[in-house]
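In: Fold the following for me, if possible:
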Amino acid sequence: MIRYPLSQNMPPEQIKSKTGKSLKDINIVNILDGKITAEDIKISKETLIMQGEIAKEAGRPQLKDNFVRASELIEVPDKELLEIYEKLRPNRSTKNELLEIAKRLNENYGANHCSKLVLDAMEVYEKRGLLK
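Out: Purely as a prediction, here's the structure:
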C-alpha cells in the first residue's frame, strides 16, 4: 500500500521527476549549481499514477481518474495543452474541432482517457447547444 504524502512515505530515490531526477537530487545546492532546471521539477507520469492509486485506496475513484488523465498529459507540450484548454470552453469549438483534438490526443500522445473526456464534453456541448 502506497501512503500519502509520497515524499514522507517512500525513499526519495524512488520518486522521480519528469526528467528522471530523484527527489533526493532536487535540493538547494543542485539548484544553485545549475544542475536542476524547471523541467527537472515537473511531476512524472509514474508519480501521478501512484497518487491515483492512493486516491483509489482512499475510496476516491473520480480523483484517481483525474490523476490518470493528468499522467497522460505529461508529454503534451504546455502550449498545446493551453490551446486544448481554451478549445474545451463552451462555445469555443465546433464538433469537428473537438473531434480533431480527441484524435490528436489519442494518436500523438496515447492519451486515451483524455481523448474520451473530450468526446464526452463534445456530446454534452452538442446536447446543450454549447458548440461554436
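In: how about the helices in the chain?
Out: With DSSP state H as the criterion, the chain has helices at 6-9, 28-32, 45-57, 61-72, 78-87, 95-109, 112-128.
In: Now do the shortest one: everything it contacts.
Out: What it means is helix 6-9. Counting by C-beta atoms under 8 Å, 6 or more residues apart in numbering, helix 6-9 makes contact with Ile2, Arg3, Ile15, Leu23, Thr47, Met50, Gln51, Ile54, all of which sit outside it. C-beta here means a position set from N, CA and C on the backbone, and glycine is covered the same way.
In: how does it look with 6 Å?
Out: Arg3, Ile15 (C-beta atoms under 6 Å, 6 or more residues apart in numbering).
In: Report pLDDT for the most centrally placed residue in the chain.
Out: Nearest to the mean C-alpha position of the chain, counting by C-alpha atoms, centre = their mean, stands Ala70 at 1.8 Å. Ala70 carries a pLDDT value of 97.
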